[in-house]
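Asker: Structure, please.
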Amino acid sequence: MQPYYEYRHLVGFEDTNLVGNVYYVNYLRWQGRCREMFLRDHAPDVLADVQGDLKLFTLKVDCEFFAEITAFDELSIRMRLDDLTQTQVAFSFDYVRVRQDGTEDLVARGQQRIACMRGPNNDTRPARVPEALRTALAPYAARHGGQLVDTTSGATT
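Answerer: Residues are numbered from 1 along each chain as shown. Okay, here's the model as predicted:
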C-alpha cells in the first residue's frame, strides 16, 4: 500500500488562465476534492455524519509552487496525515506531475488543517475527530520515528 492517498486529476482549460497557467485557487480546490474522495473511499460513515451535525471546518490552507503546470498535465495529488489532535487534523499534499513516460516531478506542496465541530450553525462547538476517520487516516500518517503522535494525548497510532 502507498504511504499516501492519491487523487488523480487531468488539468483542463477551465483550470488555467489566459496564458495557460493553472489558477492558484485550483490547487486549493484539489486539496478539498482529494479530502472528499478520501472520505468517500475510506470513511463513508464520516460522510453520513457530515449529513448530520458534524462539520469539518477548514482552518488553514496553503500551497507552495515549484514548477508551472498547464492544460492536459496529469497530476497525482497525494495526501498524507501530518498531525492529529483530539479535535483537529492536519494534512500535507504533494502535487506530482505524471508524464506519459512514467517519470514524475513534484510541482507543488500544500498543507491543510481542519477542525471537527458539532451542533447547529449558530451554536457549533469543538468535537472529537470521529473514530472512523482516525482509523481510516492511520495508514496515511507521515511517520515520525515510525509512529504518528497524537499531540494532545501523547498517544501513538
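
Asker: Low-confidence regions, this protein specifically.
Answerer: 1, 143-157 (pLDDT under 70).

Asker: how near is the residue nearest to the spatial centre of it to residue 82?
Answerer: Residue closest to the average C-alpha location in the chain (Cα atoms, centre = their mean): residue 35, at 4.4 Å. Distance from residue 35 to residue 82, counting by Cβ to Cβ, to the nearest Å: 13 Å. From N, CA and C alone the C-beta is placed, and that goes for glycine too.

Asker: Which residue ranges of this protein form helices?
Answerer: 24-42, 44-50, 131-137 (DSSP state H).

Asker: Who are the packing partners of the second one?
Answerer: With contacts defined as 3 or more Cβ pairs under 8 Å, 6 or more residues apart in numbering; DSSP states H and E, the secondary structure elements packing on helix 44-50 are helix 24-42, helix 131-137.

Asker: Distance from the chain centre to the last one, please.
Answerer: Put simply, helix 131-137 sits 14 Å off its chain's centre (Cα atoms, centre = their mean, to the nearest Å).

Asker: same thing with stretch 132-144?
Answerer: 12 Å.

Asker: if we can go back for a sec, now for the helices and strands packed on helix 44-50, which one comes closest to residue 123?
Answerer: Nearest of those to residue 123, taken as Cβ to Cβ: helix 131-137 at 22.6 Å.
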